[in-house]
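okay, structure incoming, though there's no sequence with it:
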């Protein structure tokens with residue numbers, strides 16, 4: 001990857017990772033994401049991010065025992081101000097029972113590598129300022145706090161916009 005050094009993938013034999021395949025996985029993504037998100041997304045929001053941009057930038061983590069989705073990342077890539085190719089992490093979620101195993105980090109790593117392969121210049125995302133676990137994860141991966149967005153979420157909580165420059 002140009003200008004970026006991500007930590008090597010962790011050896012996680014107990015989790016299977018794969019890019020988003022097709023609409024049959026949509027309900028699985030929704031089920032894992034909606035548990036923790038403060039914003040209620042409908043199926044059209046998921047379809048907007050996944051199908052209108054690049055489905056190959058979305059990844060799922062599955063439990064190898066029963067193949068259930070235990071984590072997902074939903075991303076897009078488009079132009080920002082018609083100059084910069086900007087990747088956007090719209091959603092990242094890991095089932096609470098599987099946290100602290102590096103699954104979120106691996107999903108983000110895979111998404112960033114896929115965006116970099118597509119010529120992405122930077123990656124951005126927003127997260128609630130109260131979500132300290134997410135902030136620590138992204139900052140360990142090289143993201144920096146770019147902006148504070150006041151009352152960004154429907155629940156009135158502020159957000160940090162985090163940014164990672166790839167080029």
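Nice, thanks for sending it over. Values in this document were obtained by computation on a predicted structure and should not be read as measured data.

so what's residue 154 closest to, chain neighbours aside?
Closest residue in space to residue 154, ignoring its immediate chain neighbours: residue 39 at 5.7 Å, by CB to CB, 6 or more residues apart in numbering. C-beta coordinates here come from the backbone N, C-alpha and C atoms, glycine included.

right, and the helix or strand after the least confident helix or strand in the chain by mean pLDDT?
Counting by mean pLDDT, DSSP states H and E, the chain has its least confident helix or strand at helix 43-51, which shows a mean of 85. Using DSSP states H and E, the helix or strand that follows helix 43-51 in sequence is strand 59-62.

ok, that next one: who's next to it in the sheet?
strand 16-19 (antiparallel), strand 69-80 (antiparallel) (DSSP bridges).

pLDDT score for residue 82?
On the pLDDT scale, residue 82 is placed at 78.

so what's the residue count around it?
5 (other CB atoms under 10 Å).

same check, this time on residue 61
26.

which residues does it bridge with?
Assigned bridge partners for residue 61, using DSSP bridges, are residue 17, residue 71.

I'd assumed residue 72 was in contact with it.
Yes - the criterion here is CB atoms under 8 Å, and residue 61 meets it with residue 72 at 7.1 Å.

which neighbours do the two share?
residue 107 (CB atoms under 8 Å, 6 or more residues apart in numbering).

what comes into contact with stretch 40-51?
In contact with stretch 40-51 (CB under 8 Å, 6+ apart) are residues 20, 26, 29-30, 33-34, 58, 74-76, 90-91.
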